[in-house]
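# Return atomic coordinates for the entry below.
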Amino acid sequence: MELYQLKYLLAIAEHKSYGEAARFIRVSQPSLSIQVRRLEEELRCRLFNRTSKGVTLTPSGERVLQSTRRILSEIGDLRLDLESKNLTSSPSIRLGVQPMLASTILPEVMKSIIKKTDRPRISVIERSNALLPELLQKKEVHACLMTQPSGNLTPFKVDSWGSYGYALYGKNLKSFPTKGVRLESIIQQPLLLFRDPLELESILHTLAKKQNIFLSIPFSCEHALTLLEMATTGLGYAILPDLLLKKSKEVKLQSVPLLSPSLRGEIIMVQRKEEEEHPLLIKMKNGFQKE
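Alright, predicted model coming up:
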């Protein structure tokens with residue numbers, strides 16, 4: 001029996017679907033099915049019932065799931081304890097990171113850590129804001145670097161690392177003032193929307209309704225880099241955090257600041273309340289503030 005087989009079982013039980021579980025843990029569905037079948041053969045029992053309505057656990061599966069949760073939780077506790085007390089061969093940390101921050105903030109922060117730490121080991125799991133707290137609850141990571149979500153983070157310890165503004169990105173912005181624009185002045189343009197915690201779509205619809213204007217949003221998604229690439233097609237103007245200014249130049253996009261005061265995002269580091277702050281996290285924060 002392998003640990004990854006137990007993780008597969010847990011994913012299927014939680015998602016109630018082989019396909020959804022495979023996408024979540026990033027393996028092919030056939031590979032997932034094979035490993036579950038091998039686990040069933042080893043345990044000599046059937047774990048799941050597959051019906052037209054989805055996947056359910058058999059009584060045997062329910063019993064195995066109970067043990068699986070306990071085993072994975074204890075292993076998670078053991079790893080976190082060893083790593084937080086520096087009892088491993090080199091300083092290590094496991095982070096859940098929002099994809100936009102993984103491609104913009106994290107590389108610069110890592111540079112400062114590598115200079116000051118002997119052979120650090122950083123393992124990163126990229127997830128959307130909505131899914132990152134789940135990684136903490138399951139003790140799969142020490143902490144999560146994310147933007148302020150709309151959900152409740154009361155069960156966790158939240159440390160603010162700073163804030164960011166927004167900008168308008170496009171192939172040709174010569175008609176816009178270089179000092180910046182307000183949302184009200186671009187509401188008639190085709191806009192590419194970044195679905196983030198600030199709920200931009202709701203803000204834009206409110207503005208459009210006040211001006212009695214049809215709001216054109218030809219494309220929207222929750223991944224900032226995907227939206228940036230879509231802006232290079234000329235499909236519309238992208239409203240994105242100003243953290244992407246450097247990336248936008250790499251793909252030959254122009255940008256102007258958005259001057260709306262309400263468009264401010266916050267970068268936060270989230271941990272479980274019972275956890276002591278990991279030494280590498282302290283170095284990461286110091287490196288970020290210097291940047």
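# which stretches of the stretch 1-150 of the chain form strands?
When assigned using DSSP state E, counting those that start in this stretch, the strands of the stretch 1-150 of the chain occupy the ranges 48-51, 54-57, 92-97, 121-126, 143-147.
# The stretch 151-291 of the chain too?
For the stretch 151-291 of the chain, the strands defined by DSSP E, counting those that start in this stretch cover 156-164, 166-170, 191-194, 219-221, 237-241, 254-257, 265-272.
# Most tightly packed of the strands of the stretch 1-150 of the chain?
When the strands of the stretch 1-150 of the chain are scored by mean count of other Cβ atoms under 10 Å, the highest mean neighbour count falls to strand 143-147 (a mean of 25). All C-beta atoms are positioned from the backbone trio N, CA, C, and that covers glycine.
# Could you say which one of the strands of the stretch 151-291 of the chain comes nearest to G61?
Ranking the strands of the stretch 151-291 of the chain by their distance to G61 (criterion: Cβ to Cβ) puts strand 265-272 first, at 28.7 Å.
# Can you check which of the strands of the stretch 151-291 of the chain gets nearest to L145?
When these are compared by Cβ to Cβ, strand 265-272 sits nearest L145, at 5.6 Å.
# tell me the mean pLDDT for stretch 94-107?
Confidence for stretch 94-107, expressed as mean pLDDT, is 88.
# To clarify, my last question referred to stretch 62-72.
87.
# List the residue ranges of this structure that fall below the pLDDT cut-off.
77, 79-91, 112-120, 150-151, 197-198, 276, 287-291 (pLDDT under 70).
# longest helix anywhere in it?
Using DSSP state H to assign secondary structure, the helix with the most residues in the chain is helix 59-84.
# Which secondary structure elements does that helix sit against?
helix 3-15, strand 92-97 (3 or more Cβ pairs under 8 Å, 6 or more residues apart in numbering; DSSP states H and E).
# tell me the contacts of L3?
If a contact means Cβ atoms under 8 Å, 6 or more residues apart in numbering, then L3 has 71-72, 75 as its contacts.
# Provide the count of other residues in contact range of the residue nearest to R264 when sequence neighbours are not counted.
Counting by Cβ to Cβ, 6 or more residues apart in numbering, S163 is the residue found nearest to R264 once chain neighbours are left out, at 5.4 Å. Counted by other Cβ atoms under 10 Å, the residues lying close to S163 total 12.
# partners of S163 in the sheet?
S163 forms beta bridges with E266, as assigned by DSSP bridges.
# give the contact list for it.
S163 makes contact with 264-267 under the criterion Cβ under 8 Å, 6+ apart.
# buried subset of the residues you listed?
Neighbour-count burial within the contacts of S163 applies to 265-267; the criterion is 16 or more other Cβ atoms under 10 Å.
# Closest one to R127 out of those residues, please.
Here the nearest of the buried ones among the contacts of S163 to R127, counting by Cβ to Cβ, is I267; it sits at 15.7 Å.
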